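# Provide a 3D model corresponding to the input given below.
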Amino acid sequence: MEIIKTTKLTKYYGKARGIIDLDLTVTKGEFFGFIGPNGAGKSTTIRTLLGLIAPTSGSAVIFGKDVTKEKESILHDIGYLPSEALFYQGMKVKDVLKLSADLRKNDCTAEAKLLCERLQLDVSRKVDELSFGNRKKVAIVCALQHRPDLLVLDEPTGGLDPLMQKEFFDILRERNKEGATILLSSHVLSEIQRNCTRAAIIRDGRIIACNSVDVLSQTNAKRITVHGSVDLDHLIGVRDRKETGDSLSFLYSGDMNSLLRTLSLGQVSDLTVMEPDLEEVFLHYYEKDGETV
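Here you go, the predicted structure:
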């Protein structure tokens, strides 16, 4: 079952590009990643999906309902976590959580209590006294406490320390196992690689790749690390060189026999060949004429 489906979804801000001709499908129960650097169009896509801004052209459907015509019905079953959360000043955390629940006409007291305990959130404090990380926790509880069928998370871990990030993703994986569909928008590629089964990569407002995370991670390039002294200046297929002491690391997509011949001419004390991680593969999608953009 398709939970999210867009067809040629386009948004312009005057003459400025937002997103262009996005065709995207997220099925029920997926933990789906949406990858791209700041300014690529991730937040514009999400805000258009949620009906916060109107599309210039194209269409978007969530739960089989048009986002422009049935927004109120759709939002009842969505938990949305924006990249930056703003609250009414002077309100205590517990009042913010109750207001969020009341807007959905739900009693979320028990679930909110559990989430606050896991995220170590003090509900007696005023929101304008909180650090950025603790405000993010408030937003997380607001998004999750009504146990929505679809979670839409826009750069969700900003401000969270590593322990809270781990707890947050533990909660998400639990929800996903229970059947919730999750759309995770992030430029932190390790988050996508550890948690998502499928992902789309967006560049300049267009989706340039969409597949399983395993397939997206596949490449003919290898991460080579050499300890010793070797001259690679004439070797074709070398990029992203990093030197530390007597260690030289680089991505290599050339002929392996040529690499071995080159290494045999140097003084090599140790050699490691590894698959590149998703972050290194991701840079490949953002290269134009050999330069990362």
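# where does the stretch 51-200 of the chain dip in pLDDT?
Of all residues in the stretch 51-200 of the chain, none has pLDDT under 70.
# need the strands for it, in chain order.
57-62, 65-66, 78-81, 150-154, 181-186, 198-203 (DSSP state E, counting those that start in this stretch).
# neighbours of residue 170, just the number please.
11 (other Cβ atoms under 10 Å). For every residue, glycine as well, the C-beta is placed using N, CA and C.
# ok, the one 10 residues further on next?
Other residues lying near residue 180 total 21 when counted by other Cβ under 10 Å.
# tell me if I'm right that it and residue 149 touch.
Yes: Residue 180 lies in contact with residue 149 (Cβ atoms under 8 Å); the separation is 6.2 Å.
# now do stretch 119-127: distance to the chain's middle.
The chain centre lies 26 Å from the centre of stretch 119-127; the measure is Cα atoms, centre = their mean, to the nearest Å.
# and that stretch, what's buried?
Within stretch 119-127, the residues that count as buried by 16 or more other Cβ atoms under 10 Å are 119, 121, 123, 127.
# which of these fall in helices?
Among the buried residues of stretch 119-127, DSSP state H puts none in helices.
# any idea which of these is closest to residue 7?
Nearest to residue 7 out of the buried residues of stretch 119-127 is residue 119 (Cβ to Cβ; 37.2 Å).
# in this structure that closest one contacts residue 135, no?
No: using Cβ under 8 Å, residue 119 is not in contact with residue 135; the gap is 11.9 Å.
# follow-up on the earlier one: can you put the buried residues of stretch 119-127 in JSON lines and add distance to residue 264?
Below are the buried residues of stretch 119-127 laid out as JSON lines (distance: Cβ to Cβ, whole Å):
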{"residue": "119", "distance to residue 264": "55"}
{"residue": "121", "distance to residue 264": "59"}
{"residue": "123", "distance to residue 264": "65"}
{"residue": "127", "distance to residue 264": "64"}
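# check those and tell me the two furthest apart.
119 and 127 (14.5 Å).
# what's the closest non-adjacent residue to residue 142?
Nearest non-adjacent residue to residue 142, counting by Cβ to Cβ, 6 or more residues apart in numbering: residue 100, 4.2 Å away.
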